[in-house]
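Visitor: here's my sequence, what's the structure:
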Amino acid sequence: MQQTALKVLKSGQNVFLTGSAGTGKTYVLNEYVLYLKSRKIIPTIVAPTGIAASHLNGQTIHSCFSLGLKDSVDEHFISLLLDKKKLQTRFKKLKILIIDEISMVSPNIFTAMDKILQAFKENDKPFGGIQVILSGDFFQLPPISQSNDSKRFSWQSPSWKELDLQTCYLEKKFRQDDNQLIFVLDEIRSGQISQQTYDILNQRHQKELGIEFTPTKLYTHNLDVDRINNNELNKLSTGAVTYSYESEGAKTNIEKLFKSALVQEELTLKKDAVVMFIKNNPEKYYINGTTGVVIDFSKDEKQLPIVKLSNGYIIKVEYEDWVIENDKGKVSAKISQIPLKLAWAITIHKSQGMTLDAAQIDLSKTFEVGQGYVALSRIKNIEGLKLMGFNEKALSVDPLILSIDPRIKQASKKAYDKIESYDERQLELINLAYIEKLGGLIDQKAIAKEKEVLDKEPQIEEKIANHIKTKNLVQSSDTLEILAKNAGFSVSTIMKHLSLIKEEEPRFDISKYMPNLSVINKVKKVVNEIEDANNEEDFTEDGKIKLKPIFVKLNEEISYNDIKMVLI
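Guide: Numbers count the residues shown, from 1 in each chain. The predicted structure follows:
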């Protein structure tokens, strides 16, 4: 059960959290993250794809570990990483690592993370001796492999065995709410498909869905996805705007970028087009996989798309850069393009981790084990399925996974017996000792206070509404204090809003709030000096300069607010 898995996680052991689709793996992880944050411990959360990472507000493995386009590392590459101040700060603070959608992580990538952390932590224990939590279901899609290597799963990496993982196999399903769908999914997992499963699926063949919205279309091949998306675009009678990419660097590197990203050489959009973002930019409230609809285009010569996101937020989409850096961190190739693709249809691979109310699924060209299972487990109810077709491979799963599944369940039973052998007081002491070891809060009053703060944190939609509200009041507010009063926020919060506004619209005029030129020049001079000195303690984990060293270097004569304004 979920609560037992949480007990194991809180004890500080390395954990493999698994279970069939819809059993609440993400829920358990979120509960554990909340437990840690209320004790002032921030875990690092990563996943193999942007969409998967977004479910837990994490980042991609490649981004966090600075892997670029690499899927393995050697000593030379690790020594180059060790020279990066930003990574030194990041990994020094890293105490707990959560890796989601582990089924999509290759053994090479898994080993690379292990080696990198051992190097940065100067500790030859697995992953540098930190707590590692792996979450996922190996019945779902395996990593995309470019090689013929027979080892394709992360559990085939030597690093997996060395972690001495406690296995938590969740059993109760929460996503699917009808017995027919659960029956079909359980049969696929067993590797033994009865006539009853075929009968259930045949009843959904070309079945029209009684819904008011267009269901998401899931297909196995990019070719079909592109064809459907282009057909849907052609149906729109609105005017088309086409965006072409710009690039610089060697041709071979440019080709590498196009292969590794979903970026398109030419992108054509129309008003009412359904789109998906293909780049991470959390500051602008979208990540790889965020969906939306084009509602207009900017009136300037660029004619940039204005997109209403699925969370209701409206943004103007600017060009983004995709880059390759060489070993010295210099950009050796760059592509600039609008970070969107059409999304009436998406591939099953892209859908992993999503929950859909309804879907139109075509499994007639299934080519990979697990594709059918992933596609069917996206929906909550069999009534939300329109099945366009399926082939013999559609309901198959990897024989290797079938053979190890009983062993995973056995390991889970062992972990269950072990954790349940402790009484409540013993567990409490184990949990307390672990939090103390990490340097977290153990005082119950302080924890309760921290929980209150976390509970009050606005959701992303509220944050969005707030900074847009501030933006709309800038013209009528002559000073920061007046702006803060009119908007109903503190000056400190207003600063954060202005920072967001300037990131989204660099030309937005906030000069009325700037200090005088002499102050600006003094701050800039000190910022340059701090950047040149490059002392680790002067920078935050994400590489931004802290305010205090600037304040101190200016002899505490210039206010924090003035410093913030210059930085903005």
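
Visitor: tell me how many other residues surround the residue lying closest to I338 once chain neighbours are set aside.
Guide: Nearest non-adjacent residue to I338, counting by C-beta to C-beta, 6 or more residues apart in numbering: Y243, 4.6 Å away. The C-beta positions use only the backbone N, C-alpha and C, and glycine is treated the same way. Using other C-beta atoms under 10 Å, Y243 has 21 other residues around it.

Visitor: just to be sure, Y243 is in a strand?
Guide: Yes: counting by DSSP: H, G, I helix; E, B strand; the rest coil, Y243 is part of a strand.

Visitor: partners of it in the sheet?
Guide: Residues in a beta bridge with Y243, per DSSP bridges, are L267.

Visitor: and it, how far from Y286?
Guide: Applying C-beta to C-beta, to the nearest Å, the value for Y243 to Y286 is 17 Å.

Visitor: and what of D423?
Guide: Separation of D423 from Y286 (C-beta to C-beta): 48 Å.

Visitor: list the contacts of the residue nearest to I338.
Guide: 266-269, 337-338 (C-beta atoms under 8 Å, 6 or more residues apart in numbering).

Visitor: buried ones among the residues you listed?
Guide: 267, 269, 337-338 (16 or more other C-beta atoms under 10 Å).

Visitor: okay, those residues in CSV with distance to L69 next?
Guide: Output for the buried ones among the contacts of Y243, formatted as CSV (distance: C-beta to C-beta, whole Å):
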residue, distance to L69
L267, 22
L269, 28
Q337, 17
I338, 22
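
Visitor: nearest to E75, of those?
Guide: Nearest to E75, judged by C-beta to C-beta, of those is Q337 at 35.5 Å.

Visitor: my guess is the closest one contacts L262, does it?
Guide: No: using C-beta atoms under 8 Å, Q337 is not in contact with L262; the gap is 10.2 Å.

Visitor: isn't there a strand covering D321?
Guide: Yes: counting by three-state DSSP, D321 is located in a strand.

Visitor: from here on, count from 21
Guide: Renumbered: residue one is now 21, and that last one reads D341.

Visitor: how far away is it from K90?
Guide: From D341 across to K90, the span is 19 Å (C-beta to C-beta).

Visitor: what about L407, which SS state?
Guide: Per three-state DSSP, L407 ends up strand.

Visitor: low-confidence ranges in the stretch 471-588 of the chain?
Guide: 476-485, 523-524, 561-563 (pLDDT under 70).

Visitor: strands of that one, start to end?
Guide: Using DSSP state E, counting those that start in this stretch, the stretch 471-588 of the chain contains no strands.

Visitor: any buried residues in the longest helix anywhere in the chain, and which?
Guide: Longest helix of the chain, by residue count under DSSP state H: helix 419-440. The neighbour-count check on helix 419-440 (16+ other C-beta under 10 Å) flags 420-422, 425, 428, 431-432, 435-436, 439 as buried.

Visitor: before we move on, what about stretch 537-545?
Guide: Result for stretch 537-545 [16+ other C-beta under 10 Å]: buried residues 539, 542-543.

Visitor: who touches that stretch?
Guide: 534, 570, 574, 578, 582-583, 586-587.

Visitor: if we only consider those, which is nearest to V204?
Guide: L587 (55.5 Å).

Visitor: need the contact list for that closest one.
Guide: Each residue near L587 by C-beta under 8 Å, 6+ apart is listed here: 543, 547, 565.

Visitor: what ranges does the stretch 21-170 of the chain have for its strands?
Guide: 35-39, 64-67, 79-80, 116-119, 151-155.

Visitor: tell me the most buried of those strands?
Guide: Comparing these by mean neighbour count (mean count of other C-beta atoms under 10 Å), strand 35-39 comes out on top with a mean of 25.

Visitor: angle of that one against strand 151-155?
Guide: 10 degrees (axes from the mean of the first three to the mean of the last three C-alpha atoms, to 10 degrees).

Visitor: what is strand 35-39 packed up against?
Guide: When contacts are defined as 3 or more C-beta pairs under 8 Å, 6 or more residues apart in numbering; DSSP states H and E, strand 35-39 packs onto helix 22-30, helix 45-57, strand 151-155, strand 186-190, helix 419-440.

Visitor: can you flag the weakest of these by average pLDDT?
Guide: For those, mean pLDDT drops lowest on helix 45-57, to a mean of 91.

Visitor: pull out the buried positions in it.
Guide: Buried residues in helix 45-57, counted by 16+ other C-beta under 10 Å: 45-46, 48-49, 51-53, 55-57.

Visitor: could you dump those to a markdown table with distance to I502?
Guide: Shown next, in a markdown table, are these (distance: C-beta to C-beta, whole Å):
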| residue | distance to I502 |
| --- | --- |
| K45 | 49 |
| T46 | 44 |
| V48 | 47 |
| L49 | 44 |
| E51 | 43 |
| Y52 | 44 |
| V53 | 39 |
| Y55 | 42 |
| L56 | 40 |
| K57 | 35 |
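
Visitor: hmm, who's touching stretch 452-471?
Guide: 30-32, 56-61, 115-116.

Visitor: distance from the chain centre to it, please.
Guide: Distance, stretch centre to chain centre, for stretch 452-471: 27 Å (C-alpha atoms, centre = their mean, to the nearest Å).

Visitor: tell me the contacts of Y47?
Guide: With contacts defined as C-beta under 8 Å, 6+ apart, Y47 is in contact with 22, 194.

Visitor: if we can go back for a sec, next, the angle strand 35-39 makes with the longest helix of the chain.
Guide: 120 degrees.

Visitor: could you give me the buried positions within the helix or strand following helix 419-440?
Guide: Counting by DSSP states H and E, the next helix or strand C-terminal to helix 419-440 is helix 444-458. Under the neighbour-count criterion of 16+ other C-beta under 10 Å, helix 444-458 has 450-451, 454-455, 458 buried.

Visitor: same question for stretch 390-404.
Guide: For stretch 390-404, burial by neighbour count (16+ other C-beta under 10 Å) applies to 390-400, 402-404.

Visitor: go on, stretch 371-383?
Guide: Buried, per 16+ other C-beta under 10 Å, within stretch 371-383: 371-374, 376, 378-383.

Visitor: could those residues be laid out in TSV, adding distance to I334, secondary structure and pLDDT?
Guide: What follows is the buried residues of stretch 371-383, written out as TSV (distance: C-beta to C-beta, whole Å; DSSP: H, G, I helix; E, B strand; the rest coil; pLDDT from 0 to 100):
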residue	distance to I334	secondary structure	pLDDT
S371	25	helix	80
Q372	28	coil	76
G373	25	coil	69
M374	23	coil	72
L376	24	strand	76
A378	25	coil	83
A379	26	strand	88
Q380	28	strand	93
I381	31	strand	95
D382	32	strand	94
L383	36	strand	94
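
Visitor: closest to Q212 among these?
Guide: Nearest member of those to Q212, counting by C-beta to C-beta, is L383, at 18.5 Å.

Visitor: my guess is the closest one meets T240, correct?
Guide: Yes: using C-beta under 8 Å, L383 is in contact with T240, at 6.8 Å.

Visitor: shared neighbours of these two, anything?
Guide: Counting by C-beta under 8 Å, 6+ apart, the residues touching both L383 and T240 are Q391.

Visitor: out of the helices and strands packed on strand 35-39, which comes closest to A363?
Guide: Among those, helix 45-57 sits nearest to A363 (C-beta to C-beta), with 22.1 Å.
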